[in-house]
Each structure stands twice: as C-alpha cells, then as structure tokens.
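Undergrad: Sequence and predicted structure below; questions after.
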Amino acid sequence: MTDRIDRLVAGIAPDPGPGLTPLALELLDEITRTPAAAAAPPPRRGRRWLAVPVAAGIAAVALVLSWITPGVLGLGPAPAAAALRIERDGADYVITVRDVFADPQRYERELRARNLDIELQVLPTSRSRAGAVYIIQDLDRLLAEGRAPAEGRITVIDGPLLGEEVSPDGPVAPLTPPGSCAAPTGCPLGVRVPADLSERARITIGRQARPGESYGIRPDAGAEGEPLHCVPYVNRTVAEVTRTAREHRVEPSFAYAGATYPPHRAPAAWYVHEGVMSSATTAIFLIGPDPDPSPRPAAAGCGGS
C-alpha cells in the first residue's frame, strides 16, 4: 500500500494539470475506499493503532490537494490579494485602498501596472482626519529642487504645511469625507484620479490610527474633533499649556530649533505658538521666547483666544 501511494504521488508531482488528475483521483479513492468499521467497536488498543494510518491517509489527501490546487484547505501558496482596487470610470480612475496597512512600494507597483505615476501612502491619523487626502503634484521637479517634503509625515496646522489638501471638486478627489471613518478599515479610503494625470504626484490618505499608534498625519491640536478644540493655548506659557494639556489627558512636549523637549526641560516662561497632536494622547507644541506677534485666529465657533 505504501509503495503504491509513493508511486502515485511521484506520478502526480511532475504535471498535475488543471484540477484533480486521474492519478490523484485514484489515490483519493484508494485512501477513502476502506469500508466502514463493523458495528462492534474494536478493542481500545486496536483503535489507538488504527488512528495512525487513517490520519496518515488524510494528511496524504491534504498534501496532494495542496500540490494540485494551491490555497485549497488553506494549504500551499495562494495568490496575494491586491492592495488596491483600481477601476476605470469614464475619464478617471477610481482607486480604493483594500489593504490600509500595505507598504507604499506595493501600492506603487499596482499603480504602475496601470501606467499611473503616483506615489501613494496611507498614514495613521486622528478620527477627525481619517479619510483626508493630500496631494503633492509635480513631484519630480520639487524633488530635484530639494523642496519636496519628507515622505511619511504630514503636519496640519490651520491648513497643511506639507502637502495640499484636495477639495471634493478638484482633479484628485477623496472617496470619503474626512472624519467619517470609525475604524481603520471601516469605510472606503481612496481617490478619484484623472486617467490623463501627466505629472508625477504623491498622494497621502489618512486612516484612523490604531490604539497607541503615533500619527503620520498630525492635526492641529485645536482643530474640531481634537482634545484641545476650543481650548486656548496659543501665546500661553509652557507652564500654563503643560497644565492645561494634562487636564485634557494630553501629554505635551515642546519643540524649538529642531529639537523636542519634555515639559521639565522646556523653558517654563516661554510661549506656545502652535500645536499638533502626535497621537491620541500626546501633542507637540512649537515654542519661542516671545509671544507670536501674528497668532492664527481661533477655530470657528470658539470665540477669541
């Protein structure tokens, strides 16, 4: 019996062909042809030893099926699912992100297969910015001039500092309004892009961060939906903002001249100029020795600062 199985398996391996080959069917029949046991159960010891060839037979069937039809029974390599769904709709491509955690290189390969010269990245952000889309157009020229922002982060303070947020009626339009995602994969994230988009572009889409995850898109700490919305902190001292932020369950840090400091190392009497959320419970505030002479206006509906 064992020699017969070995010969049959050897005959199957070189050229399985589509579906189950005749040899595979013969092997499957050979293994499963054993008649049902008699009504009286065999002795306990016999049952123990009987389980060995039966288990081996089942394993052989599974092995054969995995060779012939990869992915059947969850065995063998299966084709990787596409990270993007790219569909033509008139003069546009509708690009929907299916795997929000895929590497940007994987997105780029799938886009290039459609002759779309686009860098796409999906970054974690707050719920209020989930679904937001930012685009940097004419990327090659900006890179050559050294003016393109670093890949992997966008900071948003009263409008984007890095990247340009697109409007729903622009040439590149988001599929989901910002803030409409209740979970990282709970709503469709993507863009509508003209099929004849001629300049290379970098498109960044926000997804809701997982618990404890740092933000790749950092929203204004005082924006609607953020912990410090309508909380005055611009032109307040480091000491005041530290106390206020902690009252709202936000741990602050302070940045000056490219360096970041914890509260106990930042000058307590210096002034806060701007602030962004770096995670759901942390924020970074830009500070200086003097008040900002041109502070940004308070958010709509919040009154004066």
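TA: Cool, the structure landed.
Undergrad: Helix or strand next in line after the worst-scoring helix or strand of the chain on mean pLDDT, which one?
TA: Ranked by mean pLDDT, DSSP states H and E, the weakest helix or strand in the chain is helix 44-68, scoring a mean of 38. Per DSSP states H and E, the first helix or strand lying C-terminal to helix 44-68 is strand 84-89.
Undergrad: For that next one, name the packing helices and strands.
TA: strand 92-97, helix 104-112, strand 189-194 (3 or more Cβ pairs under 8 Å, 6 or more residues apart in numbering; DSSP states H and E). C-beta here means a position set from N, CA and C on the backbone, and glycine is covered the same way.
Undergrad: With mean neighbour count and distance to T176 as added columns, please give these in a markdown table.
TA: Compiled in a markdown table, the helices and strands packed on strand 84-89 are given as follows (neighbours: other Cβ atoms under 10 Å; distance: least, Cβ to Cβ, whole Å):
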| stretch | mean neighbour count | distance to T176 |
| --- | --- | --- |
| strand 92-97 | 20 | 10 |
| helix 104-112 | 16 | 17 |
| strand 189-194 | 22 | 6 |
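Undergrad: Where does pLDDT dip in the stretch 201-305 of the chain?
TA: Scanning the stretch 201-305 of the chain for pLDDT under 70 picks out 300, 303-305.
Undergrad: Would you map the helices across it?
TA: Secondary structure of the stretch 201-305 of the chain, counting by DSSP state H, counting those that start in this stretch: helices at 238-247.
Undergrad: hmm, back to that, now the helices and strands packed on strand 84-89 as TSV including mean pLDDT?
TA: Shown next, in TSV, are the helices and strands packed on strand 84-89 (pLDDT from 0 to 100):
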stretch	mean pLDDT
strand 92-97	93
helix 104-112	93
strand 189-194	90
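Undergrad: In TSV, list those along with distance to L84.
TA: Listed next are the helices and strands packed on strand 84-89 as TSV, based on distance: least, Cβ to Cβ, whole Å:
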stretch	distance to L84
strand 92-97	6
helix 104-112	5
strand 189-194	8
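Undergrad: For R127, which of these is the nearest?
TA: The closest of these to R127 is strand 189-194. By Cβ to Cβ, the value is 13.2 Å.
Undergrad: I'd like to check the angle between that closest one and strand 84-89, please.
TA: Interaxial angle of strand 189-194 relative to strand 84-89 (axes from the mean of the first three to the mean of the last three Cα atoms, to 10 degrees): 40 degrees.
Undergrad: Check which helices and strands strand 189-194 is in contact with.
TA: Strand 189-194 makes packing contacts with strand 84-89, strand 92-97, strand 173-174, strand 201-208 when contacts are defined by 3+ Cβ pairs under 8 Å, 6+ apart.
Undergrad: ok, it: who's next to it in the sheet?
TA: Sheet pairing here is set by DSSP bridges, and for strand 189-194 it gives strand 92-97 (antiparallel), strand 173-174 (antiparallel).
Undergrad: can you list the domain ranges for the protein.
TA: As assigned by automatic domain parsing, the chain contains the domains 2-74, 84-217, 220-305.
Undergrad: Go through the helices and strands packed on strand 84-89 and name the closest to G225.
TA: The nearest among the helices and strands packed on strand 84-89, by Cβ to Cβ, is strand 189-194 at 17.5 Å.
Undergrad: How about S279: what's its closest non-neighbour residue?
TA: Among residues not flanking S279 along the chain, S214 sits closest, at 5.0 Å (Cβ to Cβ, 6 or more residues apart in numbering).
Undergrad: quick one: that neighbour and S278 touch, right?
TA: Yes - if you go by Cβ atoms under 8 Å, S214 and S278 touch, sitting 6.0 Å apart.
Undergrad: what about those two, which has more around it?
TA: Neighbour count, other Cβ atoms under 10 Å: between S214 and S278, S278 has more, with 21 against 13.
Undergrad: need the contact list for the residue nearest to R236 when sequence neighbours are not counted.
TA: Among residues not flanking R236 along the chain, V272 sits closest, at 5.6 Å (Cβ to Cβ, 6+ apart). Each residue near V272 by Cβ atoms under 8 Å, 6 or more residues apart in numbering is listed here: Y233, V234, N235, R236, T237, V238, V241, F254, F285, L286, I287.
Undergrad: Other residues contacting stretch 236-251?
TA: The contact list for stretch 236-251 (Cβ under 8 Å, 6+ apart) reads 221, 227-228, 231, 233, 252, 254, 263, 266-272, 275, 277, 281-283, 285, 287.
Undergrad: Tabulate the CA atom coordinates of that stretch in PDB.
TA: Presented in PDB, the C-alpha positions along stretch 236-251 are these (Å, rounded to 0.1, in the frame of the first residue of the first chain):
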ATOM      1  CA  ARG A 236       0.200  80.800  26.700                       C
ATOM      2  CA  THR A 237       3.400  79.900  28.600                       C
ATOM      3  CA  VAL A 238       4.900  76.400  28.600                       C
ATOM      4  CA  ALA A 239       3.900  76.000  32.200                       C
ATOM      5  CA  GLU A 240       0.300  77.000  31.500                       C
ATOM      6  CA  VAL A 241       0.000  74.800  28.400                       C
ATOM      7  CA  THR A 242       1.500  71.800  30.300                       C
ATOM      8  CA  ARG A 243      -1.100  72.100  33.000                       C
ATOM      9  CA  THR A 244      -4.000  72.700  30.600                       C
ATOM     10  CA  ALA A 245      -3.000  69.800  28.200                       C
ATOM     11  CA  ARG A 246      -2.700  67.400  31.100                       C
ATOM     12  CA  GLU A 247      -6.200  68.400  32.300                       C
ATOM     13  CA  HIS A 248      -7.400  67.200  28.900                       C
ATOM     14  CA  ARG A 249      -5.400  63.900  29.200                       C
ATOM     15  CA  VAL A 250      -2.800  65.000  26.700                       C
ATOM     16  CA  GLU A 251       0.900  64.700  27.500                       C
END
